[in-house]
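just a sequence and a predicted model for now, questions to come.
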Amino acid sequence: MGIDPGTVVMGYGLVKCTGNEVSMLDMGVLRLPTKEDGYERLRLIHLKVLELIRRFSPGEFAIEAPFFGKNVQSMLKLGRAQGVAIATAMHAGIPVTEYSPRKVKQSITGKGNAEKEQVWKMLQRILQLQEDLPAYDASDALAVAVCHFFQHRLDEKLEPEATNKAGRGKGKKADGWEAFIRQNPDKVRNR
C-alpha cells in the first residue's frame, strides 16, 4: 500500500505482488473538506487508511516523505497527516517504509527529477494500465507502492557485503543475513 499524504488531498495506491510481478489493485484520492478544522481532517485520514487496510489487508505500507518547502505551517500540517497515516498502519501491525519523492521518481523512471507525466507513463508500462492520468496524488501514491515493490525485490536479490568498522568493504560477501549479522553485530538494532 502506498500513500501520498496531504491535508487537502491524500492519494492512495495498492498493488499486488506475486514473485517478480506487480499489478494494481486500486488507486484513488481522499478529498478532505477544507471547511473542516485540521483535527477533523486528520480523523478522516485515519478512517480512510483504516478502511483501506481492512479492505485490502496489505502486508507492507509505504509513504512518501514530505517535500521540504519554505512554508513552516504547511510542513507542520503535512507532517501531522503523514503521522496519522503511519500510526494507523503501525497500529494494524503493518511495517512502514518512507521514501523521498526523488527516490520514488528514480525508482520508477530512472531519473530523480522526472515530471509527473513521465512517472505515470512508466507506471502504465509497468502495471499495463490503459487509464488516462488520474489525479496526481493517486498516481504519486501508486508510484510509492511500486517503488516499495522494486526496493523490496532489490533487497532480496542483493547479498549484504561484509564491512569493517569504518564501513569499507572487505571484498567478501556474507552467506546471507545470518552471516552478515554475525560479521556485523554493531549494525543490529533491537526494536
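Ah, there it is.

for the residue nearest the centre of the chain, name its beta-bridge partners.
Taking CA atoms, centre = their mean, the centroid of the chain lies closest to Ala62, which sits 2.6 Å from it. Residues in a beta bridge with Ala62, per DSSP bridges, are Gly2, Thr97.

show me the contacts for it.
1-3, 96-99, 144-145, 147-148 (CB atoms under 8 Å, 6 or more residues apart in numbering). Where you see a C-beta, it was placed from the backbone N, CA and C, and this is true even at glycine.

residues contacting the residue nearest to Ile63 when sequence neighbours are not counted?
Distance criterion CB to CB, 6 or more residues apart in numbering; nearest residue to Ile63, sequence neighbours excluded, is Ile3 at 4.5 Å. Neighbour list for Ile3: 10-12, 49, 61-64, 85, 141, 144 [criterion: CB under 8 Å, 6+ apart].

repeat that for Cys17.
The contact partners of Cys17, taken as CB under 8 Å, 6+ apart, are 149, 152.

check the secondary structure at it for me.
For Cys17, the assignment made with DSSP: H, G, I helix; E, B strand; the rest coil gives strand.

what is the neighbour count of the closest residue to Asn113 other than its chain neighbours?
Spatial nearest neighbour of Asn113, excluding adjacent residues (CB to CB, 6+ apart): Lys105 at 6.9 Å. Applying other CB atoms under 10 Å, we find 23 residues neighbouring Lys105.
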